[in-house]
Every structure is written in structure tokens, then in C-alpha cells.
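Student: Sequence and predicted structure below; questions after.
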Amino acid sequence: MPPEAGGVERQRVAVEQRLMALALGYLAFASAHSPRWRAVFDQRLADDYAVPASYLDDRSRLLALIETELKGAISHPAKRYEAARALFAAVHGIVLLALDLKLGAFDQAACAREIGFIVENVVRGIAKP
């Protein structure tokens, strides 16, 4: 393996680890503070009601954390933003289904492994030349 390949692999692993830390932190918060977490996502606004700017700002900051980790692999800002949204949505969906017991009894370790599968494969996919 060329020396630069080892550096690329180390970088990929580091990105994967940082994204996993974010995702597992999200899972931990959602499971430990379910009413607060649900207050953010279970709220439905009337069709004629604008989403509050503070919510949009918070969402932007959340996605920016993910985008920062993807910056080295996805140079185009719009594509990086879409990738961050997709990764967030995938992790959120796993957490939501787990907490709602839609796939069986809640098992935080199993949920973490499912999140790991998504994060690992996303990072591997975007790291391919």
C-alpha cells in the first residue's frame, strides 16, 4: 500500500469516528431526554405558520457539525449539505423507530450498531476515489 493510502485510510477512520461520536451523542440524548427530544420533532405547525427562525438556526448549526466532518470528502457545498441532511435523517430515523418500539423492544446497543452500519458505509462510500 502506498504511504499516502495509509494517510487516506487514517483520515477516513477519523471522520467515521467523529461522525459516530455525534450520532451516538444524538442517540444518548434522545433516549435519556425523550420528552425534550420529542418536543423538537413531534411538533406540527399549521400550514400557514412559518417555522421560527431560532429553530432554523438550531437546525443549521446541527447540520454544520456533520458538514464539517464531510468537508474533506465532498467539496461542493450544496452536495455536502445534502449529504449531511441525508445522514442526519438516516440516524434520526433509526433513533425514532427504536424509541417508538417499531422494530421491537428498545435496545440501545443494537441501535448503536445500526447507526454504525449507516455511518461506516456512508463514509466508505464517499471516500471511494
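Tutor: Received the coordinates, thanks.
Student: mind listing what residue 110 touches?
Tutor: residue 98 (Cβ atoms under 8 Å, 6 or more residues apart in numbering). To be clear about C-beta, it is placed using only N, CA and C from the backbone, and glycine gets the same treatment.
Student: In which helix or strand does it reside?
Tutor: In this structure, residue 110 sits in helix 108-127 according to DSSP states H and E.
Student: Off-centre distance for that helix?
Tutor: Offset of helix 108-127 from its chain centre (Cα atoms, centre = their mean, to the nearest Å): 10 Å.
Student: in that helix, what counts as buried?
Tutor: Using 16 or more other Cβ atoms under 10 Å as the test for burial, helix 108-127 gives 111-112, 114-115, 118-119, 122-123, 126-127.
Student: which two in the residues you listed are spaced the farthest apart?
Tutor: 111 and 127 (24.4 Å; Cβ to Cβ).
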